[in-house]
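> Below are the sequence and a predicted model; questions follow.
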Amino acid sequence: MHPRLIVSIICLCSLVQAQAQRRTVVTGEIRNGGAVSEATLYYYPYGEALAEFPVSVLAAPDAAGRFRMELELDAPRVVKFMYGEETSLYLVPGDSLHLSVDTEAFDESLRCTGTGASAGASSYLAAHFLRFADPAEGLMEDLGRQLEAGDAAAFGALLDAGLAARRRFLDSAHQASPLDPGFAAYTRAADGYWHASLKLRGPLMMLGNDAGRDRPEYPAGYLDFLGTVELQQDAWVGMKEYEEFLAMRMVHEALQAGRSGGEALYQRMWEASGQLLSGRPRTVTRANLLIVLLEDAGGSQAMQFMKEFEAEAEIPEVLAHLQTLAARLAPLLEGAPAPGFELEDLKGGTVSLADFRGKVVYIDFWASWCGPCLREMPYSHELIGRFKGQDVVFLYISLDEDAQSWKKAVAKLKLPSPQLRAAQGSGVGEAYQIESIPRYVIVGRDGTLFSGNAERPSSSGIDAQLQAALKQR
């Protein structure tokens, strides 16, 4: 079972017409509860990428580990129950579900009882996890070997066998104890989209490992499965597996024109989503693409797509979220003026971003306590060497609060000047919206942002990105 820090939520839309909201009750008892203070039920109605809209209920178990939660539902949903670890539950409006779990063997001990379809379906989800999620490491290892070998046929055959095993598992469970028809349809679809998404992903990953090929190569008959996968399915909006498949399908369609990335790839993905999808599936797929583009500081292209999205979006909450995100990220989009700053350097002097006007500035936001930041530093030294003598300034800005820790790390890593520190209160982290590090920014010769979320020093694309910035006048 995955840790509580990373939560995968899936949402089930009813196969029948949605009804008025009805109260669903989840009670339970937790043994060996430990230090966790609250149990949680929640889901994301529009999928993981649009996680601004969680529906959640919290409850604190009593001294005996008992709890009670009530959730208003207008249709059956698959939600997550989390108490340190997590599991999926199927909830039907009006049902009562009772859980029993021992945290020392969370998955193995989970028992679901109660009224209606919720208990049987939730028990199936727990059994499905034990059967396929834990042993999946072996399948993923086998798939990884075929990826390294570049054997798409063997990769596809492994996935076909995996899907067949899931189908047999569902049929056997349904025969032993009939499942709710809506739930059976949902889980069959989820397994199918899991298979389809990975089957598309494999050759795309092989393309990334082979610089000599311009587009993915598929063995004869490899893509026949696409004819059996339903692309336009309003009922599955919010299902993780469905939305992952839609994203992979758009990438697949875009790469049929060749490997070229950047704006051209995004443009082809946007066009494919418009040609192949409509309604809610198109709204969510394009929203997910826009989120990626906005967070990558996509500039004018993001704004162009945003105007089109505003005219067509069919989910008001999703549109409102994208508008808010676009407004927040606008100051860091390509072409916007780079936020200015004056910061103290190692010698006690001040350095301003304006000091480097006329040169390309590659800013590295880091800290002495940030492991991923430190792992990038050897690559940073190599990158500096490759651009020696060119108009590129490599500017390091530490977010360390403790000046001595910063200075010791600079000396240990033998980092070149200029070295600056932006402690809390400097406003630099807020101006550049630094929510996690390492973070890299490229400022053009004219003082505008070339990239508000640039490639890392270890990335294969960083040299081309800096060369493009140097050519821009």
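Right, received. Where do you want to start?
> Next SSE downstream of the longest helix that the chain contains?
When the chain is parsed with DSSP state H, its longest helix is helix 181-208. Along the chain past helix 181-208, the next helix or strand (assigned with DSSP states H and E) turns out to be helix 240-255.
> tilt between that following helix and helix 181-208?
Comparing the axes of helix 240-255 and helix 181-208 via axes from the mean of the first three to the mean of the last three Cα atoms, to 10 degrees yields an angle of 40 degrees.
> which stretches of the chain have low pLDDT?
1-20, 48-53, 134-137, 208-214, 257-262, 296-299 (pLDDT under 70).
> could you redo the last one with a cut-off of 50?
Across the chain, the ranges flagged by pLDDT under 50 are 1-18, 211.
> quick one, longest strand in it?
strand 22-31 (DSSP state E).
> How about residues contacting that one?
Under the criterion Cβ atoms under 8 Å, 6 or more residues apart in numbering, residues 39, 41, 61, 64-74, 81, 83, 89, 91-104, 109, 118 lie in contact with strand 22-31. In this view, the C-beta of every residue, glycine as well, is placed from N, C-alpha and C.
> helices or strands next to the host helix or strand of Glu308 in the packing?
Element membership for Glu308 (DSSP H and E) is helix 299-312. Contacts defined by 3 or more Cβ pairs under 8 Å, 6 or more residues apart in numbering; DSSP states H and E place helix 299-312 against helix 262-276, helix 279-295, helix 316-329.
> how about 6 Å then?
helix 279-295 (3 or more Cβ pairs under 6 Å, 6 or more residues apart in numbering; DSSP states H and E).
> So Pro93 sits against Leu73, correct?
Yes - counting by Cβ atoms under 6 Å, Pro93 does reach Leu73; the two are 4.3 Å apart.
> residues of stretch 426-433 that come out buried?
Using 16 or more other Cβ atoms under 10 Å as the test for burial, stretch 426-433 gives Ser426, Val428, Gly429, Tyr432.
> Name all residues that make contact with the second one.
This means Val428. Counting by Cβ atoms under 6 Å, 6 or more residues apart in numbering, Val428 makes contact with Phe341, Ala422.
> Dump the buried residues of stretch 426-433 to CSV, plus secondary structure and distance to Ala354.
Converted to CSV, the buried residues of stretch 426-433 look like this (DSSP: H, G, I helix; E, B strand; the rest coil; distance: Cβ to Cβ, whole Å):
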residue, secondary structure, distance to Ala354
Ser426, coil, 16
Val428, helix, 14
Gly429, helix, 19
Tyr432, coil, 16
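> Adding distance to Lys240, write those out as TSV.
Below are those laid out as TSV (distance: Cβ to Cβ, whole Å):
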residue	distance to Lys240
Ser426	39
Val428	36
Gly429	32
Tyr432	31
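> Next SSE downstream of the longest strand of the chain?
Assigned by DSSP H and E, the successor of strand 22-31 is strand 39-43.
> What lies in contact with the helix holding Glu308?
Glu263, Trp270, Arg286, Leu290, Leu293, Leu294, Ala326, Leu333, Glu334, Gly335.
> Just the buried ones among the residues you listed, please.
Trp270, Arg286, Leu290, Leu293, Leu294, Ala326, Leu333, Glu334.
> May I see the buried residues of the helix holding Glu308?
Those would be Gly299, Gln301, Ala302, Met303, Phe305, Met306, Phe309, for helix 299-312 by 16+ other Cβ under 10 Å.
> could you pull out the helices for the stretch 51-200 of the chain?
For the stretch 51-200 of the chain, applying DSSP state H, counting those that start in this stretch gives helices covering 106-109, 118-128, 136-149, 152-176, 181-208.
> will you turn these into TSV that also has mean neighbour count and distance to Phe341?
Below are those laid out as TSV (neighbours: other Cβ atoms under 10 Å; distance: least, Cβ to Cβ, whole Å):
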stretch	mean neighbour count	distance to Phe341
helix 106-109	15	48
helix 118-128	22	51
helix 136-149	14	43
helix 152-176	16	49
helix 181-208	20	36
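> which other residues reach stretch 333-343?
297, 299, 350-353, 420, 422, 428, 431, 443, 447-449.
> among those residues, who's most crowded?
Greatest neighbour count in these, by other Cβ atoms under 10 Å, goes to Val443: 26 neighbours.
> Ramachandran coordinates for that residue?
Dihedral pair for Val443: phi -110, psi 130, per degrees, to the nearest 10.
> just Pro339 next, same as before
According to degrees, to the nearest 10, Pro339 has phi -60, psi 130.
> Could you report the neighbour count for it?
Pro339 - counted by other Cβ under 10 Å - has 18 other residues nearby.
> ditto for Leu332
Counted with other Cβ under 10 Å, the neighbours of Leu332 add up to 21.
> any idea how far Ile363 is from it?
Separation of Leu332 from Ile363 (Cβ to Cβ, to the nearest Å) stands at 12 Å.
> sorry, back to before: can you redo the buried ones among the contacts of helix 299-312 as a markdown table with distance to Leu125?
Formatted as a markdown table, those follow (distance: Cβ to Cβ, whole Å):
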| residue | distance to Leu125 |
| --- | --- |
| Trp270 | 35 |
| Arg286 | 30 |
| Leu290 | 32 |
| Leu293 | 34 |
| Leu294 | 34 |
| Ala326 | 37 |
| Leu333 | 41 |
| Glu334 | 44 |
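> May I ask which two of those are separated the most?
Arg286 and Glu334 (19.8 Å; Cβ to Cβ).
> I'd like to know how far the residue lying closest to Ser380 once chain neighbours are set aside sits from Gln233.
Leaving aside its sequence neighbours, Ser380 sits nearest to Pro457 (Cβ to Cβ, 6 or more residues apart in numbering; 4.3 Å). Between Pro457 and Gln233 the computed distance is 42 Å (Cβ to Cβ).
> more neighbours, the two?
Pro457 (22 against 18).
> Quickly note the distance from that one to His98.
53 Å.
> Give me the nearest residue to Ala165, chain neighbours excluded.
According to Cβ to Cβ, 6+ apart, the nearest residue to Ala165 is Phe132 (7.7 Å).
> circling back to that earlier point, now, the most widely separated pair of the contacts of helix 299-312?
Arg286 and Gly335 (22.4 Å).
> which residues does Tyr83 contact?
By Cβ under 6 Å, 6+ apart, Tyr83 lies in contact with Ile30, Val36, Ala39.
> ok, and the closest non-adjacent residue to it?
In space, Tyr83 is closest to Ala39, 4.5 Å off (Cβ to Cβ, 6+ apart).
> before we move on, what about Tyr43?
Val79 (4.1 Å).
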